[in-house]
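S.K.: okay, predicted coordinates and the sequence, questions at the end:
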Amino acid sequence: DGDAAHSAFTTTLSRLRELLGMERGIRVQEGRITQSHQHCWVDAWAFDNLLETSLKGLRALRQARDRETTEPPDLGALVGKTLALYQGHFLPAEEAHVWTTSYRERLRAKFLRLIGRWGERLERAGQWREATEAYQRSLEVDDLAEEFYQRLMLCYQQFGLRAEALSTYHRCRKVLSTSLGVSPSPKTDALYRSLQT
């Protein structure tokens with residue numbers, strides 16, 4: 001059985017390398033198979049790398065907030081490029097496979113952390129339109145992130161777009177109820193009530 005399994009493995013590995021068109025694209029090391037970082041581009045890897053650079057830039061800005069500091073000219077472009085790479089949850093059709101869950105959740109958490117920090121920076125700078133776009137983008141990707149409904153409502157309030165803020169609350173309520181069977185948090189409800197006055 002072991003010989004047959006090894007033979008099947010070797011044949012499958014050879015076919016995969018042929019499909020890729022490069023021998024060194026797939027590495028076998030210590031009994032594990034992986035794509036070679038030197039020979040293959042993977043969007044999840046690229047997202048992870050760009051995200052770390054983006055978060056580092058945002059941390060530097062936060063630490064220098066009290067000093068006279070200007071934003072590096074390429075930070076907005078870098079964050080935009082990072083966010084564009086995240087097209088949705090990692091292998092959504094493979095949710096039945098347990099091995100995808102932790103990586104999917106880790107990438108999702110990183111995406112939400114970047115959106116949150118970028119949105120905070122935009123809000124502090126008074127760039128409400130850009131912050132609104134960031135929060136809308138986050139909800140397109142993950143419509144269960146209640147914090148971003150709250151922040152989007154606040155951005156609309158800054159524009160004086162009360163109807164859009166109230167509509168955002170109702171969307172949040174519907175999505176949370178339909179998907180999770182829960183109501184919005186007391187914080188979201190309080191924000192909604194403040195918009196009604």
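M.R.: Arrived safely.
S.K.: quick one: low-confidence residue ranges for the chain.
M.R.: For the chain, applying pLDDT under 70 flags the ranges 1, 37, 65-73.
S.K.: which helix is the longest one in it?
M.R.: helix 98-124 (DSSP state H).
S.K.: hmm, who's touching whichever helix or strand residue 61 is part of?
M.R.: Residue 61 is located in helix 43-63, with elements delineated by DSSP states H and E. Around helix 43-63, the neighbours that count as contacts under CB atoms under 8 Å, 6 or more residues apart in numbering are 37, 69, 71-72, 75, 78-79, 81-82, 85-87, 90, 103, 107, 110-111, 113-114, 117-118, 121. All C-beta atoms are positioned from the backbone trio N, CA, C, and that covers glycine.
S.K.: and the next helix or strand past that helix?
M.R.: helix 75-85.
S.K.: who are the packing partners of that next one?
M.R.: Helix 75-85 sits against helix 43-63, helix 98-124, with contacts defined as 3 or more CB pairs under 8 Å, 6 or more residues apart in numbering; DSSP states H and E.
S.K.: quick one: which of these is nearest residue 24?
M.R.: helix 43-63 (16.5 Å; CB to CB).
S.K.: alpha carbons of the closest one, as CSV, please.
M.R.: Taking Å, rounded to 0.1, in the frame of the first residue of the first chain, the C-alpha atoms of helix 43-63 are listed here in CSV:
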residue,chain,number,x,y,z
ASP,A,43,-2.6,36.5,-4.3
ALA,A,44,-3.0,35.5,-0.6
TRP,A,45,0.8,35.7,-0.1
ALA,A,46,1.0,39.1,-1.9
PHE,A,47,-1.9,40.4,0.2
ASP,A,48,-0.2,39.2,3.4
ASN,A,49,3.1,40.9,2.4
LEU,A,50,1.5,44.2,1.3
LEU,A,51,-0.7,44.2,4.4
GLU,A,52,2.2,44.1,6.7
THR,A,53,3.9,47.0,4.9
SER,A,54,0.7,49.0,5.0
LEU,A,55,0.1,48.4,8.7
LYS,A,56,3.7,49.3,9.5
GLY,A,57,3.2,52.6,7.6
LEU,A,58,0.0,53.3,9.5
ARG,A,59,1.6,52.4,12.9
ALA,A,60,4.4,54.9,12.1
LEU,A,61,1.8,57.6,11.4
ARG,A,62,-0.1,56.8,14.6
GLN,A,63,3.1,57.1,16.6
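S.K.: name the residues of that helix that are buried.
M.R.: Within helix 43-63, the residues that qualify as buried are 47, 48, 50, 51, 54, 55, 57, 58, 61, counting by 16 or more other CB atoms under 10 Å.
S.K.: kindly indicate which of these lies nearest residue 94.
M.R.: residue 47 (17.5 Å).
S.K.: so how far is residue 22 from that closest one?
M.R.: 23 Å (CB to CB, to the nearest Å).
S.K.: ok so, going back, among the contacts of helix 43-63, name the buried ones.
M.R.: For the contacts of helix 43-63, buried by 16+ other CB under 10 Å: 75, 78-79, 82, 85-86, 90, 107, 110-111, 114, 117-118, 121.
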